[in-house]
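Asker: show me the folded form of this:
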Amino acid sequence: MFWIIIIVFIFLCLIISSLFLPLTCQLSLKVGDQIDVELSVKLVNFSVYRKTDQISYDSFIEDHLEQMLTKKSLEKPNWLKTIKLVKFNWSTKIGLEHADETALSVSSLLIIKGMITKVIFQLLNQPKAIDYLVQPNFEQLMFQSDCQCIFSLKLWQAIYMKFKRK
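Answerer: The predicted model follows:
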């Protein structure tokens with residue numbers, strides 16, 4: 001009987017402590033002939049969920065971009081209300097063959113990034129730490145973009161959302 005009580009106590013302690021362990025979400029976007037999206041969720045360092053998807057440019061424009069440009073404000077889904085955006089870093093380096101093309105591409109990229117960031121901040125909260133940069137490179141032909149977001153979410157909320165969505 002003593003061992004059963006100890007095992008139950010340890011099990012309850014593990015369950016309660018798991019509610020406060022860090023949950024890391026990573027979203028990776030690769031833009032080429034199509035948009036490759038990879039979402040992975042880790043609890044501490046163990047992979048809990050992983051999904052990859054490929055989106056064509058036509059479906060992205062029809063499904064997402066047109067709605068974003070025509071609606072004044074987006075409706076926030078209930079499950080997004082529990083997620084807090086803690087940190088948002090997005091740096092991009094771009095360079096084309098001629099300086100005038102580079103300058104125009106930098107300004108166009110700033111507009112596109114502004115639209116995307118506006119949607120992110122409408123759906124989530126605006127974080128305290130924001131790093132937002134588009135850096136021109138007049139020396140060489142290049143495109144490099146790095147976007148890092150840190151989200152805060154309690155584990156019990158993630159479990160609740162998982163079962164509620166089924």
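
Asker: how about the strands in the protein?
Answerer: According to DSSP state E, the chain carries its strands in the segments 23-31, 35-43, 46-55, 84-95, 129-136, 142-152.

Asker: so which bits of the fifth one are buried?
Answerer: By that I understand strand 129-136. Counting neighbours by 16 or more other Cβ atoms under 10 Å, one finds that the buried residues in strand 129-136 are 134, 136. In this view, the C-beta of every residue, glycine as well, is placed from N, C-alpha and C.

Asker: which residues touch residue 129?
Answerer: 86-89 (Cβ atoms under 8 Å, 6 or more residues apart in numbering).

Asker: include mean pLDDT and distance to residue 5 when you put the strands of the chain into TSV, please.
Answerer: Shown next, in TSV, are the strands of the chain (pLDDT from 0 to 100; distance: least, Cβ to Cβ, whole Å):
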stretch	mean pLDDT	distance to residue 5
strand 23-31	72	30
strand 35-43	79	27
strand 46-55	82	28
strand 84-95	86	38
strand 129-136	85	46
strand 142-152	81	35
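
Asker: could you identify which of those strands is most buried?
Answerer: strand 84-95 (a mean of 17; mean count of other Cβ atoms under 10 Å).

Asker: who touches that strand?
Answerer: By Cβ under 8 Å, 6+ apart, strand 84-95 touches 102, 105-106, 109, 113, 117, 120-121, 124-153.

Asker: for residue 141, see how far away the nearest residue to residue 25 once chain neighbours are set aside is.
Answerer: In space, and not counting its chain neighbours, residue 25 is closest to residue 41: 5.1 Å by Cβ to Cβ, 6 or more residues apart in numbering. Distance, residue 41 to residue 141, by Cβ to Cβ, to the nearest Å: 36 Å.
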